[in-house]
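Enquirer: let me see the structure of the following:
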Amino acid sequence: MGNDYETSKDEELILRIRDGEEKITDYIMEKYKNLVRSKAGSMYILGADREDLIQEGMIGLFKAIRDYDIGRDASFATFADLCVARQMYTAVQAAGRKKHAPLNSYVSLYAGNGSDKTEEEKKLLDSLVSRDEQNPEELLIDRENVERIEKAIESELSSFERQVLDLYLTGMKYTEIARVLGKDDKSTDNALQRCRSKIRKALLTGKD
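Expert: Numbering: from 1, shown residues only. Presented below is the predicted three-dimensional model:
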């Protein structure tokens, strides 16, 4: 590889690829492989195989190199992040992943005392309970409640809301979710708030 790759901007390298320096593609693929692995780690919660996700992510990265438009898109890094996430999520949906696999995590949230909950678990729980209303520590998430949540997701949430919930559970912010799903920020944030409201209502319904 040329010694100037590391000192050149991604956008400049993309132009050189299109001028015939195809070997630069390998350099960019290698440069961004850690991004792909990171995304695979977050998408893994949706029930997909990690290695499959990495493979799909590399496909998404290749498409980003192929499709990047300097005059239209943001930085290549931002565009690559979007393409990788889209490719992985599309693959997860197409594979018919285990339904609502993240909900399995809720069962163990209160198995022990409150001091040993991980940050990831707290993040998952936060997706169900509004920060400014009910204290999450007071909610018991047991198998019965998980079943109630799953039923609510199937019967109460729209297809778009389920997609938003899926991606939110991977740790994405609503602005990132909006880019992946091709929606505007406001409609995505509103969908997330509806998810919280509907699932919280399902949790509270049936409590003694």
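Enquirer: show me what the helix or strand containing Lys151 is packed against.
Expert: Of the helices and strands defined by DSSP states H and E, Lys151 is found in helix 143-156. Contacts defined by 3 or more C-beta pairs under 8 Å, 6 or more residues apart in numbering; DSSP states H and E place helix 143-156 against helix 103-106, helix 185-204. C-beta coordinates here come from the backbone N, C-alpha and C atoms, glycine included.
Enquirer: and of the ones you listed, who's closest to Ala74?
Expert: For those, proximity to Ala74 was assessed by C-beta to C-beta; helix 185-204 is nearest, at 14.7 Å.
Enquirer: just want the angle from that closest one to helix 143-156.
Expert: Relative orientation of helix 185-204 and helix 143-156, computed by axes from the mean of the first three to the mean of the last three C-alpha atoms, to 10 degrees: 140 degrees.
Enquirer: check contacts around Glu12.
Expert: Glu12 makes no contacts at all, as judged by C-beta atoms under 8 Å, 6 or more residues apart in numbering.
Enquirer: how is the chain divided into domains?
Expert: With domains defined by automatic domain parsing, the chain comprises 10-94, 103-204.
Enquirer: can you give me the end-to-end span of the shortest one?
Expert: In this case it means domain 10-94. 31 Å (C-alpha to C-alpha, to the nearest Å).
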